[in-house]
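Q: From the sequence below, what's the structure:
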Amino acid sequence: MSTETRTVRPFVGLDELQHALGGTALRFGEHCVPAGSSITVDLAPQEFLARPVSIEWAPDDQTFLHLREHIIGTVRSADLPIDAVALVVIATSSFLKLADLILECPLPQMAELPRITSLLGNGRRPRSLSTPFNGFTVHSYLLLRRALPDRLLRPHRMGTWLARTDYRVETTLGPGSLAPTPLTGEIRKQYDLPRKTVRFIHFGDHDPVQPYRDQEPPIFYVDEEILAQLNARRTAPTSRALQLQLAHDFVTAVVYRAAASPELEALSYDDVRTSLLGSVIRLAAGPGASQAELSALLAVTRRNPERLIARAEHFIDLADDYSAILKDGDS
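A: Numbering: from 1, shown residues only. The predicted structure follows:
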């Protein structure tokens, strides 16, 4: 019996659209990530944060024109309104599932879209693209931007995607694959956790002062119902704040566990650079930190771990999301 899984798209007239984004690529500085692919970069945090990020929709202007015509022609052939379909780009972090809506371009406006479209905009760099310790994923979609009348074998729900592709940038600095795992009733029984426990970090044999990739990663459990809500409402202010709080909780657990390690006193920053503690130190140091500053923060970990946690909290940047909730409420 086959165990292969497939994405089932029970819509007629959209087969050609599935491949429309296959020739696109993500540009991360001088690196190129073809559609559906990933790369791993070995960059200092300040270098990572200085890299421009863009999507190249086609290799030249003529090909881009043909792509636009192909997309619009296929949508029309499927008997869908052109203005009901948009090209959408979303960026997500790789540790917690924060998401930023980077671009929403209705098909009638595609002629105005640059062939190489920057994902950084004119303002602040999106938080999901500011993750030198965990990398990021960019998702490109063609999707319905409004609901349509319900018709057999035709997409009609707002948000239904008609075509999609992903681009992944991983780093060598930290645990890019670490993501929350649902905390179920069975897991609670296994670890003897009370019913209202929201999060639980199981380190197992993982030592946060030793190289991360040489060990089994810790498991970060989050209540399954809360995690489902976070995934469903990624961009709501309360959801964003809670996800950042979970990141802070994880950092706090790593720092206290590392501070309790009998090995820590004899280790240099170079010894812990590729460990979980090394990732936290780089986060707390911020972009452009010198070797001396990183080493000083390692010393802080030994004698006053609360200060390291407080510095990391500054760069996790909970304040803006907390302020938005308290001033404006959720949406």
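Q: so where do the strands sit in the stretch 201-331 of the chain?
A: 219-223 (DSSP state E, counting those that start in this stretch).
Q: any weak-confidence spans in it?
A: For the stretch 201-331 of the chain, applying pLDDT under 70 flags the ranges 235, 287, 329-331.
Q: Try it again at 50.
A: Where the stretch 201-331 of the chain drops to pLDDT under 50, the residues are 330-331.
Q: Also the stretch 51-200 of the chain?
A: Of all residues in the stretch 51-200 of the chain, none has pLDDT under 50.
Q: Let's see that with 90 instead.
A: Where the stretch 51-200 of the chain drops to pLDDT under 90, the residues are 76-80, 92-100, 121-128, 130-135, 146-161, 163, 170-180.
Q: just the strands in it please.
A: 53-56, 85-93, 99-106, 116-118, 136-144, 161-171, 181-183, 199-202.
Q: what's the third one packed up against?
A: It stands for strand 99-106. Other helices and strands packing on strand 99-106, by 3 or more CB pairs under 8 Å, 6 or more residues apart in numbering; DSSP states H and E, are strand 85-93. All C-beta atoms are positioned from the backbone trio N, CA, C, and that covers glycine.
Q: please redo it, this time with the cut-off set to 10 Å
A: Counting contacts by 3 or more CB pairs under 10 Å, 6 or more residues apart in numbering; DSSP states H and E, strand 99-106 packs against strand 53-56, strand 85-93, strand 116-118, strand 136-144, helix 237-259.
Q: re earlier: out of the strands of the stretch 51-200 of the chain, which comes closest to Gln243?
A: Gln243 lies closest to strand 85-93 among the strands of the stretch 51-200 of the chain, at 8.6 Å (CB to CB).
Q: Show me what the closest one pairs with in its sheet, parallel or antiparallel.
A: strand 99-106 (antiparallel), strand 136-144 (antiparallel) (DSSP bridges).
Q: Buried deepest among these, which one?
A: When neighbours are counted by mean count of other CB atoms under 10 Å, the highest per-stretch mean among the strands paired with strand 85-93 falls to strand 136-144, a mean of 22.
Q: Now do it against strand 161-171, angle only.
A: Orientation check (axes from the mean of the first three to the mean of the last three CA atoms, to 10 degrees): strand 136-144 against strand 161-171 gives 170 degrees.
Q: Kindly format the C-alpha coordinates of stretch 84-91 as CSV.
A: The C-alpha coordinates for stretch 84-91 follow below in CSV (Å, rounded to 0.1, in the frame of the first residue of the first chain):
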residue,chain,number,x,y,z
ALA,A,84,-10.6,38.7,-7.1
VAL,A,85,-7.1,37.1,-7.4
ALA,A,86,-4.0,38.6,-5.9
LEU,A,87,-0.3,37.8,-5.7
VAL,A,88,0.6,37.6,-2.0
VAL,A,89,3.9,37.2,-0.3
ILE,A,90,4.1,36.2,3.4
ALA,A,91,7.4,35.8,5.4
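Q: Can you give the distance from that stretch to the centre of its chain?
A: 17 Å (CA atoms, centre = their mean, to the nearest Å).
Q: List just the one of the strands paired with strand 85-93 that sits closest to Gln62.
A: Per CB to CB, nearest to Gln62 of the strands paired with strand 85-93: strand 99-106, 19.9 Å.
Q: quick one, the closest one and helix 237-259 angle?
A: Using the same axes, to 10 degrees: strand 99-106 against helix 237-259 is 140 degrees.
Q: rewinding a little: quick one, which of the helices and strands packed on strand 99-106 gets closest to Arg68.
A: strand 85-93 (9.6 Å).
Q: Tell me how far the closest one lies from the chain's centre.
A: That offset, for strand 85-93, works out to 12 Å (CA atoms, centre = their mean).
Q: quick thing: my sequence starts at 860, can you match it?
A: Yes, from this point I'll number from 860; that puts the last item at strand 944-952.
Q: Report the residue ranges of every domain in this protein.
A: 875-1030, 1040-1187 (automatic domain parsing).
Q: Pull the number of nearby residues for Gly1063.
A: Other residues lying near Gly1063 total 10 when counted by other CB atoms under 10 Å.
Q: Redo the strands paired with strand 944-952 as TSV? Include distance to Asp1129.
A: Shown next, in TSV, are the strands paired with strand 944-952 (distance: least, CB to CB, whole Å):
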stretch	distance to Asp1129
strand 958-965	34
strand 995-1003	27
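Q: one step back: possible to save the helices and strands packed on strand 958-965 as TSV with distance to Ala1022?
A: Shown next, in TSV, are these (distance: least, CB to CB, whole Å):
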stretch	distance to Ala1022
strand 912-915	14
strand 944-952	9
strand 975-977	17
strand 995-1003	4
helix 1096-1118	27
